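> Predicted model and sequence follow; I will ask about them next.
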Amino acid sequence: MTPFAYRRAASVDDAVRLGLAPGAYFLAGGTNLIDLAKGGVVQPALLVDVSRLPLAEVAETPEGGVRIGAMVRNSDLANHPLIRTRHPLLSQALLAGASPQLRNMATVGGNLLQRTRCHYFYDAAFEHCNKRLPGSGCGALEGINRNHAILGTSPACIATHPSDMCVALAALRARVRVHGPRGERTIAFADFHRLPGDTPQRDTTLAAGELIVGVELPPDGFAGHAHYLKVRDRASYAFALVSVAAALDVRGGVVRDAALALGGVAHKPWRRPEAEARLVGREPTDAAFGEAADLLLQGARPASQNGFKVALARRAIVRALQTAGARS
Amino acid sequence: MNSIGAPLDRVDGPLKVCGQAHYTGDLALPRMAHAVLVTSAIASGRIARIDARAAERAPGVVAVITHVNAMRLPQDGKAAVKPPEGRVLSLLQDDRVAYANQPVAVVVAETFAQASGAAALVRVTYERAAARVDFEAERAQAYMPDKINGAPPDSARGDVEAGLASAAHRVEAAYTTPFQHHNPMEPHATLASWDGDQLSIETRRSTSPACAARWPRPSASHPSSCTCARRSSAARSAARARRGRTWCWPRWRRASWGGRCAS
Amino acid sequence: MSNESLTAGATRRGFLQSAGALAGTPLIVGQAQAAQAAVEAPPPAPSAGLTLRVNGRSHALQVEPRVTLLDALRDDLGLTGTKKGCDRGQCGACTVIVNGRRINACLSLAMQHDGDEITTIEGIGQPGRLHPLQAAFIAEDAFQCGYCTPGQICSGVALMEEARRGDCSTVTPDVRQLGAAPLSDAEIRERMSGNLCRCGAYANIARAVRIVARQEGVA
């Protein structure tokens, strides 16, 4: 890695101030940032270590939701009794990602901000990547794109967001709390990550210097019927080809509410409220699941090597909803 | 041998499970420098220009070796080495790039962090040529060499056609080697140290005597003697993990050049 | 020297004189031609002091910020039991235990661990005083070349503690059920999946872990 300075932030305000320096990056677990720096994909001038800020709590909110600090480790979050019992979908999603060692290091904030694993992006010696070098083209478009996006793409970028945690947070309608130079604000999860459009170099809607301080979950965690299904080339320690976060609130044999989001298929977790609404007021049948799947996958445009993801995603959605529905 | 069939504990077991078995990368010598390769960003073509100024000025850097300043190999890489199957030792000898990630520079520095950081500062400009990477498409260019490992390339025994024709059962299958495949967990590593004209090499390798025989005879730029030590702990299990640990002399050259530059 | 270079000679430092020694590992570094990094080398980030507590002993170190915990352990403290396999967090050979949790030391900076309690393979046991898992690896032939072995063992030791705590995994049937259920073979394999072994000793590794897990009452 090229040389960089290192500072441990004394407080959130201190972190925000340091984070405005040119070439500054926030460092928490380091599992993605150090990897990117080793590969020369990023070349930080300053690392601001925020890992020891007092942002590592998981606590119930007065409304019955959960407030999660940005520095909570993935493994701690997945194993927290509040999450396991009330928001098992999030626990399952976290446990499906990475390896035990990486889950022990990675934080909630870092997981939100992890970059795509598109190999054209990750190869700093490759010159055609609009995300890394705006305007230079996209090597994946006509290249090896088996694991790339089928939804929300643009001619500039077909990368996917690699996180499992984020798919569950999208389905659960989480909110992201950030603290920046102009104070604190909350971002609806659907608005946190971006689609590539003409500016794939921007993954999120964070402004310069903003630090993620926490994530909030609403009270309804769909604890009764939830399933995270991850389809991948290996049984473990691999990114998703397609993943589904599916959850149902079923009462009296009728779906009252549904949560449905896809991973591995787009630049951000893919969720459409219309697809969820298609299930509400109906019995949880395969036919209903299929309609929701079709709606969610509307507009899918695969690249040359990932057409299989369309059919795979449809089957995975139905399977995930079936499994969620069958849970007691 | 009365040990066959008897359950035996590995004699190197306690060392290995305690992390006390030494692999090449674990070795350290006083005032040891570290070398990191800069590898080609293109698969075929030539190096138009290498700018190593920033790398040379980086803290802790001892040398940056490129095709411009690398030692010349005797007889353009063919002397006394008889590279297998006609391969010419092309190590930093010219500006040609023959494959992706071909080493194009070696950065030598006091610490690994300094060497790898400085390697990122080496600027290489290429003239790219079309790369021929489609195995099936290039099959028409395949040729049979006179010898492979000193023996005729093809051999035949019996009458295969007759056997297949008269067989009660036939199995036909085509096996391909994927372009990505496993490698042993231990990375390639070489430790080269000079003592005057004497060069000692420690490396992860299972055929050291054969390697030593291929070292070139003495000349102005080559050592008068060479000892090749193989790491006994790794080599003892070489039978299981031989792949990837055979031909390694390009790596030895780079390490020994780096050591020479450093001294 | 190179096409464009300051000096004609090879040596610019008196650091290495006679009997120069060189270690090389072919890590791949490339550079996109259109990258906008400055031509000039950036000013060196000064080394800073930190304290690492490793295997119960305190060590005062001066390292650059970019030095990983793995390189600090191996190069600065001479604890070479922890191995560098991929250096990118993909193989687990660098697994150590920090504040009771297993991590990949290659993706962590030494500076991040000032004051942390670190256990490496050297702290798990020594020949003649083996940890039960180390003894089980020998008895069950759970290694061949041995390179992944320190990481496997650190992972396995930490796994026991996670199981005692009641941690669940992606193969746990219902994460809503709290408490520590006995580890099945599938659970052990999943929980060891962060450690690769190219020699393919997985079956015996899993067996060694299972045997000790049963002895410790978590399987």
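Structure received.
> how much space between whichever residue of chain B sits closest to chain A and A:Phe126?
Residue nearest to chain A within chain B (C-beta to the nearest C-beta): B:Ala41, separated by 3.7 Å. In short, each C-beta sits where N, CA and C put it, glycine included. From B:Ala41 across to A:Phe126, the span is 7 Å (C-beta to C-beta, to the nearest Å).
> ok, now A:Gly221?
Taking C-beta to C-beta, one finds A:Gly221 at 42 Å from A:Phe126.
> So the two - more neighbours on which side?
A:Gly221 (25 against 18; other C-beta atoms under 10 Å in any protein chain shown).
> My read is that the more buried one contacts A:Ser91, right?
No. Using C-beta atoms under 8 Å, A:Gly221 is not in contact with A:Ser91, being 9.8 Å away.
> Now for the closest residue to chain C within chain B, which secondary structure element holds it?
Using C-beta to the nearest C-beta, the single residue of chain B nearest to chain C is B:Gly19, 2.1 Å away. For B:Gly19, there is no enclosing helix or strand under DSSP states H and E.
> before we move on, what about A:Arg177?
Here A:Arg177 sits within strand A:175-180, counting by DSSP H and E.
> contacting residues around the following helix or strand past that strand?
Counting by DSSP H and E, the next helix or strand C-terminal to strand A:175-180 is strand A:183-188. Identification of contacts with strand A:183-188 by C-beta atoms under 8 Å, 6 or more residues apart in numbering or on different chains yields A:173, A:175-178, A:205, A:213, A:216.
> Which of the residues you listed ranks first by neighbour count?
A:Val176 (26 neighbours).
> if I pick A:Arg115, what's in contact with it?
A:Arg115 makes contacts with A:32, A:36, A:41, A:121, A:203, as judged by C-beta under 8 Å, 6+ apart.
> ok, the second one touching A:Leu47?
No. With contacts counted by C-beta under 8 Å, A:Leu36 stays clear of A:Leu47, the gap being 11.8 Å.
> neighbour count winner among these two?
A:Leu47 (27 against 20).
> Quick one: residues contacting the residue of chain C found nearest chain B.
Closest approach between chain C and chain B, counting by C-beta to the nearest C-beta: C:Gly81, at 2.1 Å. Residues in contact with C:Gly81, defined by C-beta under 8 Å, 6+ apart, are B:18-20, C:120-122, C:150.
> Nearest to A:Pro155 among those residues?
Lowest distance from A:Pro155 to the contacts of C:Gly81 (C-beta to C-beta) belongs to C:Pro150, with 48.0 Å.
> So in the chain, which helix runs the longest?
By default, I'm working from chain A. helix A:308-326 (DSSP state H).
> Please refer instead to chain C.
Looking across chain C with DSSP H, the single longest helix is helix C:149-165.
> which strands and helices sit next to it?
With contacts taken as 3 or more C-beta pairs under 8 Å, 6 or more residues apart in numbering or on different chains; DSSP states H and E, helix C:149-165 sits against helix A:100-105, helix B:13-17, strand C:95-98, strand C:101-104, helix C:121-124, helix C:132-139, helix C:185-191, helix C:202-215.
> To A:Thr2, which of those lies closest?
strand C:101-104 (21.4 Å).
> which residues are in contact with the closest one?
A:31, A:73, A:75, A:99-102, A:104-105, C:89, C:92, C:94-97, C:154-155, C:158-159, C:194.
> Run the chain-centre distance for it.
8 Å (C-alpha atoms, centre = their mean, to the nearest Å).
> Show me where chain B has its strands.
B:32-39, B:45-51, B:61-66, B:96-97, B:103-109, B:123-128, B:190-195, B:198-203, B:225-230 (DSSP state E).
> and the fifth one with chain A, contact?
No. Under the criterion of C-beta under 8 Å from any C-beta of the partner chain, chain A is not reached by strand B:103-109; the shortest gap measures 11.2 Å.
> still on that earlier bit, return a selection command, for use in ChimeraX, containing the buried ones of the contacts of C:Gly81.
The following ChimeraX line selects those of the contacts of C:Gly81 that are buried, judged by 16 or more other C-beta atoms under 10 Å in any protein chain shown:
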select /B:18,19,20 /C:120,121,122,150
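> now A:Leu133: how far from A:Ala124?
10 Å.
> out of the two, which sits in the busier spot?
Set side by side, A:Leu133 and A:Ala124 show more neighbours around A:Ala124, with 24 against 19, by other C-beta under 10 Å.
> does the more buried one really touch A:Val41, like I thought?
Yes. If you go by C-beta under 8 Å, A:Ala124 and A:Val41 touch, sitting 5.2 Å apart.
> Name the residues contacting each of the two.
Common neighbours of A:Ala124 and A:Val41 (C-beta under 8 Å, 6+ apart) are A:Arg132.
> And the residue nearest the centre of chain C?
Centroid-nearest residue in chain C: C:Cys94, 1.7 Å away (criterion: C-alpha atoms, centre = their mean).
> give the contact list for that one.
C:Cys94 makes contact with C:70, C:82-85, C:87, C:104-106, C:151 under the criterion C-beta under 8 Å, 6+ apart.
> mind redoing it with 10 Å?
A:101, C:68-71, C:73-74, C:82-88, C:103-108, C:120, C:150-151, C:154 (C-beta atoms under 10 Å, 6 or more residues apart in numbering or on different chains).
> go on, C:His131?
Counting by C-beta under 10 Å, 6+ apart, C:His131 makes contact with B:17-18, C:121, C:123-125, C:137, C:153, C:156-157, C:212.
> rewinding a little: which one of the strands of chain B has the lowest average pLDDT?
When the strands of chain B are ranked by mean pLDDT, strand B:225-230 comes last with a mean of 43.
> so what's B:Ala41 closest to, chain neighbours aside?
A:Ala125 (3.7 Å; C-beta to C-beta, 6 or more residues apart in numbering or on different chains).
> my guess is the one you found contacts B:Val124, does it?
Yes. With contacts counted by C-beta atoms under 10 Å, A:Ala125 reaches B:Val124, the gap being 9.3 Å.
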